[in-house]
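Participant: just to be clear, the model below is a prediction. Sequence and coordinates:
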Amino acid sequence: MKRDEVFPSKYLKAADLNGKAICVTIEKAPLEVLKNPEGKQEAKTVLHFVKGTKMLPLNRVNWDSVAEICGDDTEEWPGKKIELFPWTTEMKGKPTPCIRVRAPEQREFPTANPKKAAKKPAAQSLANEMDDEIPFK
């Protein structure tokens, strides 16, 4: 058995995403009192999701990301969709897996001119971009 199977958590961790982004709908975002890694109690906004059993306590980075997508009032967050994706951050000098938040439509890269790009077949567009001369000396 793995550690997560022996000690299941009610909170989402990066490992729960299995390396893939997931789109979720926020059910509610109450302020809850949790213990931080030092054992002190602190209030955090905790995201509860529709059709979800695990919750996501928000750190400042993720709170700001959700606020950018859903507005800065947590009362307006229920019903809004966000995407959770695995990331790596540095904690105490070591790379550490974490969860980050983005708008669902951010998965696709924007084009300079969407109308023009939509008219070109993808292969032709790529071929035109790849015909630059490279000066070898």
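Facilitator: Received the coordinates, thanks. Just so it is clear, the structure is predicted and the values come from calculations on it, not from any experiment.
Participant: list the strands paired with the strand ranked longest in the chain, with their directions.
Facilitator: Scanning the chain for the strand with the most residues, using DSSP state E, yields strand 81-91. Each strand that strand 81-91 pairs with, and the sense of that pairing, follows from DSSP bridges: strand 22-28 (antiparallel), strand 94-102 (antiparallel).
Participant: may I see the ones you listed organised as CSV, with mean neighbour count, mean pLDDT and distance to residue 35 added?
Facilitator: All C-beta spots, glycine's among them, are computed from the backbone N, C-alpha and C. As requested, the strands paired with strand 81-91 are exported to CSV (neighbours: other CB atoms under 10 Å; pLDDT from 0 to 100; distance: least, CB to CB, whole Å):
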stretch, mean neighbour count, mean pLDDT, distance to residue 35
strand 22-28, 16, 96, 21
strand 94-102, 16, 96, 18
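Participant: dump these to a markdown table, plus distance to residue 61.
Facilitator: As requested, the strands paired with strand 81-91 are arranged in a markdown table below (distance: least, CB to CB, whole Å):
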| stretch | distance to residue 61 |
| --- | --- |
| strand 22-28 | 17 |
| strand 94-102 | 7 |
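Participant: any idea which of these gets closest to residue 40?
Facilitator: Taking CB to CB as the criterion, strand 94-102 is the member of these that comes nearest to residue 40, at 20.1 Å.
Participant: how far off centre is that closest one?
Facilitator: Between the centre of strand 94-102 and the centre of its host chain there is 9 Å, according to CA atoms, centre = their mean, to the nearest Å.
Participant: go ahead and name everything in contact with that strand.
Facilitator: Judged by CB atoms under 8 Å, 6 or more residues apart in numbering, the contacts made with strand 94-102 from elsewhere in the structure are 12-15, 17, 56, 61-62, 65-66, 69, 82-90.
Participant: could you list the low-pLDDT ranges of this structure?
Facilitator: Scanning the chain with the threshold set as pLDDT under 70 gives 106-137.
Participant: distance of the residue nearest to residue 63 when sequence neighbours are not counted from residue 73?
Facilitator: Beyond its immediate neighbours in the sequence, the residue positioned closest to residue 63 (CB to CB, 6 or more residues apart in numbering) is residue 45, lying 6.0 Å away. Look at residue 45 and residue 73: by CB to CB, to the nearest Å, they are 11 Å apart.
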